[in-house]
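**Q** the following comprises the amino acid sequence and a computationally predicted model.
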Amino acid sequence: MSVIAEETVAVGPLEHRFSPLRRLIRPGSLGIEIGPFLNPLAAKRDGYRTLVVDRYDQAALREKARERGLALEAIERIEPVDFVGDASRLLDLVRGQGFTGQVDWIVSCHNFEHLPDPIRFLRDCEALLAPGGALAMIVPDKRACFDRLQPAATAVGMIEVAELIPTPASEAWTAFRQSSATTTLDRGGAKVVAWGLADSDPARMLMGDPRPPYARLQRQLAQGRDPDFCGHRWRFTPAVFEAILFDLRILGLVGLEVDEVIPTVQGEFTVKLRAAAPGELSVEEIRRRRTEIRFRADDEAAVVSRAYRALEAELAAARAALARVAHAA
């Protein structure tokens with residue numbers, strides 16, 4: 001899935017963002033990149049053995065880039081797409097091509113949060129990866145973008161969409177869920193939809209008016225028209241992501257586990273997944289780990305809250321006062 005319809009802006013130098021993912025790529029190894037659009041991290045032109053998966057082919061991607069007024073040089077960097085379709089159906093896309101169990105790495109940047117069926121995507125990646133292979137993804141942190149006041153994703157929500165048959169209005173409702181709760185941050189008079197955690201100041205945030213999105217939803221339902229939705233379906237912080245993967249693994253729905261989490265830099269974090277270690281966890285270990293991860297998720301939400309920031313300001317003021325007293329003495 002390409003993120004061409006996403007309104008967030010790229011954050012951080014590309015080399016810095018991509019370096020953890022590129023460390024997975026051994027010379028000559030075979031990999032899949034999901035929806036690279038303008039910024040492939042394993043470009044074929046650079047000698048990587050990369051299979052590109054996207055919702056659109058190269059011609060359609062270049063046309064959409066032209067519609068956005070992007071520079072010709074950037075448009076020409078868009079690479080050929082090997083498999084066109086929904087990354088939630090990754091195995092179906094490449095089935096019969098001899099890649100099952102042969103792929104050394106799968107990488108994506110700002111794609112997982114868009115997927116209609118994340119569980120199927122993870123299972124497909126598991127089937128495609130060779131022994132020792134890894135899936136690595138850069139994921140936006142909901143605390144630092146327009147998802148700030150949206151509820152976080154859950155394993156239950158992912159299981160539900162994997163089991164339910166989509167209705168003709170499924171995408172209209174998904175689009176409404178996002179657009180009705182979008183948050184912007186005021187940066188010097190400009191309303192931005194992505195920012196760094198250090199800028200996550202609730203005093204400068206504002207939710208939108210839900211009435212226009214609701215009116216749009218009503219029109220779409222009346223017309224029986226489902227939009228081609230490409231926005232965020234799932235919202236994460238690092239610990240929320242880890243909690244979901246842990247639950248999916250112990251339920252036997254996914255055979256991958258979190259191998260590494262690189263904490264949020266600017267507005268995104270990086271996760272690496274590998275095949276889960278053999279053996280079953282005890283009930284006590286499952287309960288302990290689930291609880292510990294969810295308390296970390298609580299802590300992540302707390303550090304951007306108004307109450308936390310007020311306490312931080314009070315503490316800074318108290319320290320400054322103590323320093324002045326010590327200096328005067």
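**A** Perfect, thanks for sending it.
**Q** quick one: residues contacting the residue nearest to the spatial centre of the chain.
**A** Nearest to the mean C-alpha position of the chain, counting by CA atoms, centre = their mean, stands residue 139 at 3.1 Å. By CB atoms under 8 Å, 6 or more residues apart in numbering, the contact set of residue 139 is 110, 112, 113, 236, 241, 268, 269, 270, 271. All C-beta atoms are positioned from the backbone trio N, CA, C, and that covers glycine.
**Q** residue 253 too?
**A** Contact partners of residue 253, counting by CB under 8 Å, 6+ apart, are 119, 123, 159, 162.
**Q** helices of the stretch 101-250 of the chain, start to end?
**A** For the stretch 101-250 of the chain, applying DSSP state H, counting those that start in this stretch gives helices covering 118-128, 155-163, 170-179, 211-223, 238-250.
**Q** for those helices, give me JSON lines that also has distance to residue 312, mean neighbour count and mean pLDDT.
**A** Below are these laid out as JSON lines (distance: least, CB to CB, whole Å; neighbours: other CB atoms under 10 Å; pLDDT from 0 to 100):
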{"stretch": "helix 118-128", "distance to residue 312": "34", "mean neighbour count": "22", "mean pLDDT": "96"}
{"stretch": "helix 155-163", "distance to residue 312": "32", "mean neighbour count": "15", "mean pLDDT": "96"}
{"stretch": "helix 170-179", "distance to residue 312": "30", "mean neighbour count": "18", "mean pLDDT": "95"}
{"stretch": "helix 211-223", "distance to residue 312": "34", "mean neighbour count": "13", "mean pLDDT": "96"}
{"stretch": "helix 238-250", "distance to residue 312": "20", "mean neighbour count": "22", "mean pLDDT": "98"}
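**Q** residue 322 is nearest to which of those?
**A** For residue 322, the closest of those is helix 238-250, at 33.2 Å, according to CB to CB.
**Q** name the residues that touch that closest one?
**A** Here helix 238-250 makes contact (CB under 8 Å, 6+ apart) with 119, 122, 139, 141-142, 152-155, 158-159, 236, 254-258, 261, 263-264, 269, 271, 273, 276, 281, 286, 289-290, 293-294, 296-297, 299-300.
**Q** are any of the residues you listed buried, and if so which?
**A** 119, 122, 139, 141-142, 152-153, 155, 158-159, 236, 254-258, 261, 264, 269, 271, 273, 276, 293, 296-297, 300 (16 or more other CB atoms under 10 Å).
**Q** need the max-distance pair from the contacts of residue 253.
**A** Across the contacts of residue 253, the longest distance by CB to CB is 12.4 Å; it joins 123 and 159.
**Q** strands - which of the buried ones among the contacts of helix 238-250 land there?
**A** If you go by DSSP state E, the buried ones among the contacts of helix 238-250 have 139, 256, 257, 258, 261, 264, 269, 271, 273 in strands.
**Q** thought the fourth one was touching residue 273?
**A** If I follow you right, that is residue 258. Yes - applying CB atoms under 8 Å as the test, residue 258 and residue 273 come out as touching, 6.1 Å apart.
**Q** helix, strand, or coil at residue 73?
**A** helix (DSSP: H, G, I helix; E, B strand; the rest coil).
**Q** next, count neighbours for it.
**A** When neighbours are defined as other CB atoms under 10 Å, residue 73 has 7 of them.
**Q** give me the low-pLDDT residue ranges for the protein?
**A** 1-15 (pLDDT under 70).
**Q** packing partners of the longest helix anywhere in the chain?
**A** In the chain, assigned by DSSP state H, the helix with the most residues is helix 306-328. Here helix 306-328 touches no other helix or strand, going by 3 or more CB pairs under 8 Å, 6 or more residues apart in numbering; DSSP states H and E.
**Q** ok, the residue of the chain positioned farthest from its centre to residue 287 distance?
**A** Ranked by distance from the centre of the chain (CA atoms, centre = their mean), the top residue is residue 329, with 52.5 Å. Here the criterion is CB to CB, to the nearest Å. By it, residue 329 lies 52 Å from residue 287.
**Q** over to residue 99?
**A** 38 Å.
**Q** out of those two, which sits in the busier spot?
**A** The neighbour comparison of residue 99 against residue 287 (other CB under 10 Å) goes to residue 99, with 19 against 11.
**Q** how about the closest residue to that one other than its chain neighbours, what does it touch?
**A** Once flanking residues are discounted, residue 99 sits nearest to residue 128: 5.9 Å by CB to CB, 6 or more residues apart in numbering. Applying CB under 8 Å, 6+ apart to residue 128 gives the contacts 32, 90, 91, 94, 99, 100, 101, 102, 103, 106.
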